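# just to be clear, the model below is a prediction. Sequence and coordinates:
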Amino acid sequence: MSVKIGVNDDNHAKEMLEELNRYRNESKLHCDFTIIAGTEEIPVHKNVISAGSDYFKAMLSHDKNVETQSGRVEIKGVDPVCLKQCIEYIYTGELSTTIENAESLMNVAQFIQLRKVVDGITNSLEENLDENSYFVTMKIANLYGCKILEEKGKIFAMKNFEKISNKEEFKFIEEKDIIDMIKCQDNKASEKMKLKALITWIEHKASDRKKVLKKLDHYVDLQKVPLNYRRFLIEKKKIVKTCLECCHAISMSVMDSMNIVASDSDSFEPENSSTSAGAMLVSQTSSNLPVYKEIVSTVLDHDMFAYMKLVHSWDLNNIK
């Protein structure tokens, strides 16, 4: 009866690749191909990189192309360090990077078709998503069509709008993106926070973005913004003070907050004055009615100079 003798070494393939990688890094022993990126020249073994990357497999499967015959290929437009990391991964199955380098690494991994590296970066970004990694994560998701990652990022932004709006990168997002974020019903931030974030974004490139300010009330529910902050914007924020449409929207929101209806009567009677808000404001506003009527008139007449002069004289200190 014959005896079967078996040898099973689970680490054999791994050890072989490690040994080839050591040859490559130490002495270029048996290396038969060179990858060039910038000033870096990376020695490799054709069979190994062909087995590890569909990009190199397709390139080296033809005996008569330039790369195969010359034994060299130059890859342009990629980060040399990230390319070396990806080649190292082919030999070792291991790779690590920082959030700062994630985009460059993703670019290389996509280019040389390392699917597992792409998936690994995507999964890591999803697991470690916070306000510090949000903008890089969304950029990668959009560039490379990572729909699941993009959706996770959108959900995170709606729950953490205040945190991400305080980041410097927030000032550079596209108009459509910030409008979508602010108008989204899932946005958990207060209307004041949305308004503050929008104005900060506009101020960063005022000449290009002032048009957004003219439609402020389309994006933010101004009635839900505290009156003292609305006054602050009209008094202190130059970009608001010099925009008639914005001043008009804020002024109208103040009147709406006080339930003031249009009338040419000299008496002051808020709509639904029996409500708590109306009742509280009647006595506070009646004494200012002549000035208030002037303010409304100047807004409607589009007289910015007169409007600003009057609004600064109007006392809202007692209105909460």
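Thanks, I have the structure now.
# any idea which element residue 141 lies in?
If you go by DSSP states H and E, residue 141 is part of helix 134-143.
# next SSE downstream of that helix?
As assigned by DSSP H and E, the chain's next helix or strand after helix 134-143 is helix 147-159.
# quick one: that next one to helix 134-143, angle?
In terms of direction (axes from the mean of the first three to the mean of the last three Cα atoms, to 10 degrees), helix 147-159 departs from helix 134-143 by 150 degrees.
# so which elements touch helix 147-159?
helix 115-127, helix 134-143 (3 or more Cβ pairs under 8 Å, 6 or more residues apart in numbering; DSSP states H and E). Glycine gets a C-beta too; all of them are placed from N, C-alpha and C.
# other residues contacting that helix?
If you take Cβ atoms under 8 Å, 6 or more residues apart in numbering as the criterion, helix 147-159 is touched by 122, 125-126, 129, 134, 137-138, 140-142, 164, 181, 184, 186-188.
# mind doing that once more with 7 Å?
With contacts defined as Cβ atoms under 7 Å, 6 or more residues apart in numbering, helix 147-159 is touched by 122, 125-126, 129, 134, 137-138, 141-142, 164, 181, 184, 186-188.
# output that helix as CSV, nothing but the C-alphas.
C-alpha atoms of helix 147-159 as CSV (Å, rounded to 0.1, in the frame of the first residue of the first chain):
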residue,chain,number,x,y,z
LYS,A,147,-21.5,56.3,-4.3
ILE,A,148,-21.8,54.6,-1.0
LEU,A,149,-19.0,56.7,0.5
GLU,A,150,-20.6,59.8,-0.9
GLU,A,151,-23.9,59.0,0.7
LYS,A,152,-22.3,58.3,4.0
GLY,A,153,-20.5,61.7,3.8
LYS,A,154,-23.8,63.5,3.1
ILE,A,155,-25.5,62.0,6.1
PHE,A,156,-22.5,62.9,8.3
ALA,A,157,-22.6,66.5,7.0
MET,A,158,-26.2,66.9,7.9
LYS,A,159,-25.6,65.7,11.4
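# that helix vs helix 115-127, what angle?
Using the same axes, to 10 degrees: helix 147-159 against helix 115-127 is 10 degrees.
# how far does stretch 240-253 sit from its chain's centre?
Put simply, stretch 240-253 sits 28 Å off its chain's centre (Cα atoms, centre = their mean, to the nearest Å).
# equivalent analysis for stretch 166-182, please.
Centre-to-centre, stretch 166-182 and its host chain are 6 Å apart (Cα atoms, centre = their mean).
# quick revisit: dump the C-alpha coordinates for the helix holding residue 141 into PDB.
What follows is helix 134-143 as a C-alpha-only set of coordinates in PDB (Å, rounded to 0.1, in the frame of the first residue of the first chain):
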ATOM      1  CA  TYR A 134     -14.800  65.000   5.700                       C
ATOM      2  CA  PHE A 135     -13.600  67.200   2.800                       C
ATOM      3  CA  VAL A 136     -10.900  64.800   1.600                       C
ATOM      4  CA  THR A 137     -13.400  61.900   1.800                       C
ATOM      5  CA  MET A 138     -16.000  63.700  -0.200                       C
ATOM      6  CA  LYS A 139     -13.500  64.800  -2.900                       C
ATOM      7  CA  ILE A 140     -12.300  61.200  -3.300                       C
ATOM      8  CA  ALA A 141     -15.900  59.900  -3.400                       C
ATOM      9  CA  ASN A 142     -16.800  62.400  -6.100                       C
ATOM     10  CA  LEU A 143     -13.700  61.900  -8.200                       C
END
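# now do the helices in the stretch 151-300 of the chain.
Assigned by DSSP state H, counting those that start in this stretch, the stretch 151-300 of the chain shows helices spanning 161-165, 175-183, 191-204, 206-213, 216-219, 227-236, 238-241, 244-257, 276-286, 289-300.
# for the third one, packing partners?
In terms of contacts (3 or more Cβ pairs under 7 Å, 6 or more residues apart in numbering; DSSP states H and E), helix 191-204 is packed against helix 161-165, helix 175-183, helix 206-213, helix 238-241.
# go through these and pick out the most buried.
helix 161-165 (a mean of 20; mean count of other Cβ atoms under 10 Å).
# name the residues that touch that one?
Contact partners of helix 161-165, identified using Cβ under 7 Å, 6+ apart, comprise 131, 134, 157, 170, 181, 187-189, 193, 197.
# with respect to residue 40, which of those is nearest?
Residue 40 lies nearest to residue 134 out of the contacts of helix 161-165, by Cβ to Cβ, at 31.6 Å.
# separation between the closest one and residue 252?
Using Cβ to Cβ, to the nearest Å, residue 134 is found at 35 Å from residue 252.
# and residue 73, which of the three is it?
Put simply, residue 73 is strand when judged by DSSP: H, G, I helix; E, B strand; the rest coil.
# pretty sure it sits against residue 60.
No. Residue 73 is beyond contact range of residue 60, at 9.0 Å (criterion: Cβ atoms under 7 Å).
# great, nothing more from me.
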